[in-house]
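> following is a predicted model, sequence given first.
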Amino acid sequence: MLINIEPFSLVDYPGHIAATVFFAGCNFRCGYCHNSSLVLGKEKPQITVEEVIDFLRERKGLLEGVCLTGGEPLLSPDMAVLIPEIKEMGYKIKVDTNGTHLAQLKKYLPYLDYIALDIKAEPEKYEQLTGCPGSWSEVEKTIAWVRQCGLAYEFRTTVLPAWHDEASLTRIRLLLGNDAPWVLQQFRQPPHGVLDGKKYESYPASWLMEAGSKLNCRVRGIS
């Protein structure tokens, strides 16, 4: 379900001035998720598909791209209407996904320009972290497909001590391949809390920078 739009972003679509469109609903229940209202679908829509299309028409020439995010945007039926319209206007389209909806990703491939695929953890931890049975087997298929689909892409992992250490990150790097673009993101406990209501610690910026250097990763969001 389409929820809202951020009209201007310099960070959500690498290298492009973009608008960010948010969708509610997700099949994952990651405890540290800071978008709990989106994941659980508790937010009421603040904008319609038609209003998003009208906004983007007005911003042609000012914006370069559109980031589709969530929640899990590939779950939304609004995508089928919105994506072709955005592409027809000449925008580049980036989608953020958790990697468990490969059929939908393939369906929208002709319209997409960039894929950001979240890698939550090493395989053995996936079901526990996401609360989604069989999630790793689906993500593994999507990783392989993304690597050969021909689009620009990145893998990304939000890193926190509760789920990741140097050994687990090294394991993920081996699974992704040493040449794959992988971004380590610093976890920040939001003031409004996270999905499971717990308080999670973050790694120091220095630890994350060192890990990024060792693993040939970019690092994002350090404070």
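Nice, thanks for sending it over.

> now the helices for this protein?
36-39, 49-58, 78-88, 102-108, 126-130, 135-148, 166-176, 205-215 (DSSP state H).

> my read: residue 71 touches residue 38, true?
Yes. At 4.3 Å, residue 71 and residue 38 qualify as touching, with contact defined as CB atoms under 8 Å. Yep, even glycine has a C-beta here, placed from its N, CA and C like the rest.

> can you lay out the helices of the chain as a markdown table showing distance to residue 193 and mean pLDDT?
As requested, the helices of the chain are exported to a markdown table (distance: least, CB to CB, whole Å; pLDDT from 0 to 100):
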| stretch | distance to residue 193 | mean pLDDT |
| --- | --- | --- |
| helix 36-39 | 8 | 85 |
| helix 49-58 | 28 | 96 |
| helix 78-88 | 28 | 96 |
| helix 102-108 | 30 | 98 |
| helix 126-130 | 18 | 97 |
| helix 135-148 | 24 | 97 |
| helix 166-176 | 25 | 97 |
| helix 205-215 | 22 | 97 |
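
> residue 5 is nearest to which of the ones you listed?
helix 49-58 (5.6 Å; CB to CB).

> now do the closest one and helix 78-88, the angle between them.
20 degrees (axes from the mean of the first three to the mean of the last three CA atoms, to 10 degrees).

> what's opposite the most centrally placed residue in the chain in the beta bridge?
Centroid-nearest residue in the chain, with CA atoms, centre = their mean: residue 96, separated by 3.4 Å. Beta-bridge partners recorded for residue 96 (DSSP bridges): residue 116.

> for it, list the residues it contacts.
Residue 96 is in contact with 67-70, 73, 116, 118, counting by CB atoms under 8 Å, 6 or more residues apart in numbering.

> relative to residue 167, how far out is it?
For residue 96, the distance to residue 167 equals 27 Å [CB to CB, to the nearest Å].

> any chance of the helices of the chain in a markdown table, plus distance to residue 15?
A markdown table is the format used below for these (distance: least, CB to CB, whole Å):
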| stretch | distance to residue 15 |
| --- | --- |
| helix 36-39 | 25 |
| helix 49-58 | 19 |
| helix 78-88 | 18 |
| helix 102-108 | 21 |
| helix 126-130 | 29 |
| helix 135-148 | 18 |
| helix 166-176 | 21 |
| helix 205-215 | 19 |
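
> identify the residue nearest residue 73 in space, chain neighbours excluded?
residue 23 (4.3 Å; CB to CB, 6 or more residues apart in numbering).

> so what's the one you found up against?
Counting by CB under 8 Å, 6+ apart, residue 23 has contacts 1-3, 38, 68-73, 75-76, 78-79.

> swap in residue 116?
94-97, 153-154, 156.

> can you do 7 Å?
94, 96, 154, 156 (CB atoms under 7 Å, 6 or more residues apart in numbering).

> if we can go back for a sec, quick one: pLDDT of the residue nearest to the centre of the chain?
Per-residue pLDDT puts residue 96 at 98.
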